[in-house]
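K.L.:
Show me the folded form of this:
(one chain, ligands or ions: 1)
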Amino acid sequence: MTPPLRALRTRTTVALLFGGMLVAAAVVLFIIQPVVKGLHASLERDENELTDTEARKRVALLALRDVEYDFLAGKLDEVDYRSLKSELTAEALAALEADEAVQGGSAATAGADLEEEIAQIRAGLESGTGCGACSFINDEGSRFCSSCGCALPAEVAG
Ligand SMILES: [Zn+2]
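P.N.:
I've put the predicted structure just below:
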């Protein structure tokens, strides 16, 4: 005896819905992964709780980094890039100063860290080792991202 067709359909629909939810959850995890990684990287030297100003600073820095990526990936034209960058730099600096006021750190040092981070990203992208998908900087000569497995543009560049 086969089960009634309607019951079978219901089961299939439930299974599909559940599968869809799993896929959606996986996609969300995949998307936030680099952000979470970025936060961890920035906290390596300081395991303290993320303060509001620290969080604001990270958001501004990550946005700034994304702008760098998009520009270098050709997704932004130079006019948009410059306007977004100056906007985000202003926000990042304001956040850095607020963070300095709260934590007693040095905004100059944090600003230098930012410049250094962006320089690294830029160098990584230009040499084809920076992953455009997840921001991971790979060893020179890598053809695929060690972090997410995406193909790297190294072969195209040289
Ligand atoms: Zn990657």
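
K.L.:
Mean pLDDT per element in this protein, and the minimum belongs to which helix or strand?
P.N.:
Every helix and strand of the chain was ranked by mean pLDDT, DSSP states H and E. The lowest is helix 154-157, at a mean of 44.

K.L.:
How many residues are close by S86?
P.N.:
Residues near S86, counting by other CB atoms under 10 Å, number 10. For the C-beta atoms, the positions are set from N, CA and C on the backbone; glycine is no exception.

K.L.:
in which helix or strand would I find it?
P.N.:
Secondary-structure element containing S86, defined by DSSP states H and E: helix 78-103.

K.L.:
Can you spell out which helices and strands pack onto that helix?
P.N.:
helix 52-72, helix 107-126 (3 or more CB pairs under 8 Å, 6 or more residues apart in numbering; DSSP states H and E).

K.L.:
In CSV, list those helices along with distance to the ion.
P.N.:
Listed next are the helices and strands packed on helix 78-103 as CSV, based on distance: least, CB to the ion, whole Å:
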stretch, distance to the ion
helix 52-72, 12
helix 107-126, 11
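
K.L.:
Make JSON lines from those and add mean neighbour count and mean pLDDT to it.
P.N.:
Output for these, formatted as JSON lines (neighbours: other CB atoms under 10 Å; pLDDT from 0 to 100):
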{"stretch": "helix 52-72", "mean neighbour count": "19", "mean pLDDT": "83"}
{"stretch": "helix 107-126", "mean neighbour count": "15", "mean pLDDT": "70"}
